[in-house]
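1. Pasting the sequence and the predicted model now:
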Amino acid sequence: MIDMLYNFRVGDIHSAEFSDEFNKLCIPFENSLSEEQIDVFHKILDCVSDTAAAEMRAAYKVGFKDGATMMQEIQD
């Protein structure tokens with residue numbers, strides 16, 4: 001159920017733009033790569049993004065459960 005709530009709210013989460021530091025490092029680096037290297041680099045970035053998304057989901061679940069536990073303790 002918590003996963004369903006998270007997935008429903010994902011559309012309400014506004015993703016941040018890349019930082020200036022990221023752009024300053026990433027753009028020149030990407031421009032120096034061959035097409036094949038760019039594909040690998042993009043796959044690496046996708047893996048990083050997927051990992052960050054999984055961590056956000058896990059943190060949401062923990063936070064939700066902690067909130068429910070606190071409400072239950074207040075009621076007792």
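-> Good, I have the coordinates. Residues are numbered from 1 along each chain as shown.

2. The helix or strand containing Phe64 packs against which elements?
-> Element membership for Phe64 (DSSP states H and E) is helix 35-75. Contacts defined by 3 or more Cβ pairs under 8 Å, 6 or more residues apart in numbering; DSSP states H and E place helix 35-75 against helix 2-9, helix 20-31. (Each C-beta comes from the backbone N, C-alpha and C, glycine too.)

3. Could you identify which of those has the lowest mean pLDDT?
-> Among those, helix 2-9 has the lowest mean pLDDT, at a mean of 65.

4. Please report how far Phe41 lies from Glu73.
-> According to Cβ to Cβ, to the nearest Å, Phe41 and Glu73 sit 48 Å apart.

5. before we move on, back to that, let me know the angle separating the helix holding Phe64 from helix 20-31.
-> 150 degrees (axes from the mean of the first three to the mean of the last three Cα atoms, to 10 degrees).

6. Show me how far helix 35-75 is from its chain's centre.
-> Between the centre of helix 35-75 and the centre of its chain there are 5 Å (Cα atoms, centre = their mean, to the nearest Å).

7. likewise stretch 63-76?
-> Using Cα atoms, centre = their mean, the mean C-alpha position of stretch 63-76 is found 25 Å from that of the whole chain.

8. May I have it exported as PDB, CA atoms only?
-> Extracted C-alpha coordinates of stretch 63-76, given in PDB (Å, rounded to 0.1, in the frame of the first residue of the first chain):
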ATOM      1  CA  GLY A  63       9.300   7.800   6.900                       C
ATOM      2  CA  PHE A  64       5.700   6.700   6.400                       C
ATOM      3  CA  LYS A  65       6.100   3.800   8.800                       C
ATOM      4  CA  ASP A  66       7.900   6.100  11.400                       C
ATOM      5  CA  GLY A  67       5.000   8.600  11.100                       C
ATOM      6  CA  ALA A  68       2.400   5.800  11.600                       C
ATOM      7  CA  THR A  69       4.300   4.500  14.600                       C
ATOM      8  CA  MET A  70       4.500   8.000  16.200                       C
ATOM      9  CA  MET A  71       0.700   8.400  15.700                       C
ATOM     10  CA  GLN A  72       0.000   5.100  17.200                       C
ATOM     11  CA  GLU A  73       2.200   5.900  20.300                       C
ATOM     12  CA  ILE A  74       0.400   9.200  20.800                       C
ATOM     13  CA  GLN A  75      -3.000   7.400  20.700                       C
ATOM     14  CA  ASP A  76      -1.800   4.800  23.300                       C
END
